[in-house]
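Peer 1: Below: sequence and its predicted model.
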Amino acid sequence: MTGRKPSLLQRALNTACDIHPREVLAVLASFGLVLMLMAAYYILRPVRDAMASDWSDAEVSLLWTLTFIFSAVAVSLYGGAVARIRLRNLVPSVYGFFAVTFILFFVGIQLVADRTLLDKSFYVWISVFSLFHISVFWSFMADTWDKPQATRLFGFIGAGASIGAMIGPALTALLAAGAGVDALLLIGSSILFLTLPLVYWLQRLKLADLGNTGVAADKGNFEYIGGNPFAGFSEFLRSPYLLGIALFIFFYTSISSFIYFELKNLMVDYDRETRTQIWAAMDLVVNTLTVIIAAFATGRIARHLGLPFTLACIPVVIGAGLLLLAATPIIAVVVAVQIVRRAGNYAITRPGREMLFTAVDQETRFKAKPVIDIVIYRGGDMLNAWAFTALTQGLGLGLAAVALVGAGVAVCWAATGIWLGRRFNRWQQ
């Protein structure tokens, strides 16, 4: 047996990473699971974003406020569930629960004459779902693989998320006009249901093929989603460095809120199917660019140009794009800025931001991260949504004027990134 020649599949997988023969099935199942989870989310995400053009800035701002509240509550409730329910039962329960809710939304839409309330509820619910689908997956992975295996294999498994993030919006762009937007809820739900057999199969492979009977996820695997998100406030408020990270994220949410609201307002003349296709096409381009940039550029930028440049480069580019938008306030420029912002964040800014947390101790990192990732991020979305509403509906500023305000915010965002990068470099010396 030891002299058997590796199969073609084994040799192909080994070109990506060092996968042992007994790990092949579990790796492929894990890869397929995260691919399906991301595909399901990105099928439904454009459906959510297309709805926003039907509502005023104030209505969307209220929905973002509700998203902040529901997210904080949902994360706290999940933290309690983690402490009481075994992960092997929790994972399929979470995915099955969300799959059922999407079916219920579809049924409700068919039964009611005025679907506005259901649409707004779905808009908030997808944002809650986005907190859980990948976080729960990686907690499940920590419960399946031991640490040496994780070091070798998680990079390859994680690539499934990137592929799913490209397949999902491609399907939405292809099917929205023919099958209809509402049918996408059933497609997303069906994909989530299809993840359940993979979850149960992986649980069997963990014992039968991997032999990881002693592997179990610990509390450290739930720092993004478990426990009370307000518990780390004391650590957070005592640290200028962490406050700087929070300010960096707040400026990011300012820019993202501005561009999102402008896009939803500019798309008001399109029907919902067309909007869904536009949002899906943007998601597809963003995720494709993210994979390319992350694979070939991110590491080189951070290594050769340093963290200050890594954190500031995208804000500078976005600032330039907003100045162009002020001079040429058309939808094509807004779409281009949105694509650059999201792809740059996923491929460059977000990885650079995560590097900043390596400069603090583990206890501080685990306590402060939920505050920053949930309270600051979602709270920033909420506050900046209302700020945009105040500028447009309150002060009556047009697209060009608000773009100039956004360019000023981008300068502050870049300056904060440079300060954080230099502070990080001093601590690393």
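Peer 2: That came through, no problem.
Peer 1: Below-threshold pLDDT in the stretch 301-429 of the chain: ranges please.
Peer 2: Filtered on pLDDT under 70, the stretch 301-429 of the chain yields the residue ranges 362-367, 370, 428-429.
Peer 1: mind listing the helices in it by residue range?
Peer 2: Ranges of helices in the stretch 301-429 of the chain, per DSSP state H, counting those that start in this stretch, are 331-344, 350-356, 362-370, 377-389, 399-428.
Peer 1: Would you mind finding the most buried of the ones you listed?
Peer 2: Most buried of the helices of the stretch 301-429 of the chain, by mean neighbour count (mean count of other C-beta atoms under 10 Å): helix 377-389, with a mean of 21. The way it works is simple: take the backbone N, C-alpha and C, and place the C-beta from them, glycine included.
Peer 1: Against which helices or strands is it packed?
Peer 2: Here helix 377-389 touches helix 57-84, helix 240-266, going by 3 or more C-beta pairs under 8 Å, 6 or more residues apart in numbering; DSSP states H and E.
Peer 1: average pLDDT for the longest one?
Peer 2: To tie it back to what came earlier, the one meant is helix 57-84. Averaging the model's pLDDT scores along helix 57-84 yields 85.
Peer 1: Return the set of buried residues in it.
Peer 2: 57, 60-68, 70-72, 74-76, 78-79, 82 (16 or more other C-beta atoms under 10 Å).
Peer 1: what about that helix, distance to the chain center?
Peer 2: Distance, stretch centre to chain centre, for helix 57-84: 15 Å (C-alpha atoms, centre = their mean, to the nearest Å).
Peer 1: And stretch 171-178, by the same measure?
Peer 2: The answer for stretch 171-178 is 22 Å, by C-alpha atoms, centre = their mean.
Peer 1: contacting residues around that stretch?
Peer 2: With contacts defined as C-beta atoms under 8 Å, 6 or more residues apart in numbering, stretch 171-178 is touched by 39, 42-43, 46-47, 183-184, 187, 273-274, 276-277, 280-281, 283-284.
Peer 1: Max pairwise distance over these: which two?
Peer 2: Maximum pairwise distance in the contacts of stretch 171-178, criterion C-beta to C-beta, is 21.9 Å, between 39 and 274.
Peer 1: show me what contacts the residue nearest the centre of the chain?
Peer 2: Among the residues of the chain, the one closest to the centroid is residue 130, at 6.6 Å (C-alpha atoms, centre = their mean). Each residue near residue 130 by C-beta under 8 Å, 6+ apart is listed here: 41, 45.
Peer 1: For it, give its distance to residue 67.
Peer 2: Applying C-beta to C-beta, to the nearest Å, the value for residue 130 to residue 67 is 10 Å.
Peer 1: Pull out the buried residues from the lengthiest helix in the chain.
Peer 2: Criterion DSSP state H: the longest helix present in the chain is helix 147-179. By 16+ other C-beta under 10 Å, the buried positions in helix 147-179 come out as 149-150, 152-154, 156-173, 175-176.
Peer 1: Show the subsequent helix or strand relative to that helix.
Peer 2: As assigned by DSSP states H and E, the chain's next helix or strand after helix 147-179 is helix 183-208.
Peer 1: Which is the succeeding secondary structure element to that following helix?
Peer 2: Following helix 183-208 in sequence, per DSSP H and E, is helix 233-237.
Peer 1: same for that next one, what does it pack against?
Peer 2: Helix 233-237 packs on helix 240-266, helix 362-370, going by 3+ C-beta pairs under 8 Å, 6+ apart.
Peer 1: let's go with 7 Å and repeat that
Peer 2: Here helix 233-237 touches helix 362-370, going by 3 or more C-beta pairs under 7 Å, 6 or more residues apart in numbering; DSSP states H and E.
Peer 1: Let me see the contact set for the closest residue to residue 288 other than its chain neighbours.
Peer 2: Of all residues not flanking residue 288 in the chain, residue 166 sits nearest, at 5.8 Å (C-beta to C-beta, 6 or more residues apart in numbering). Contact analysis of residue 166 by C-beta atoms under 7 Å, 6 or more residues apart in numbering lists 284, 287, 288.
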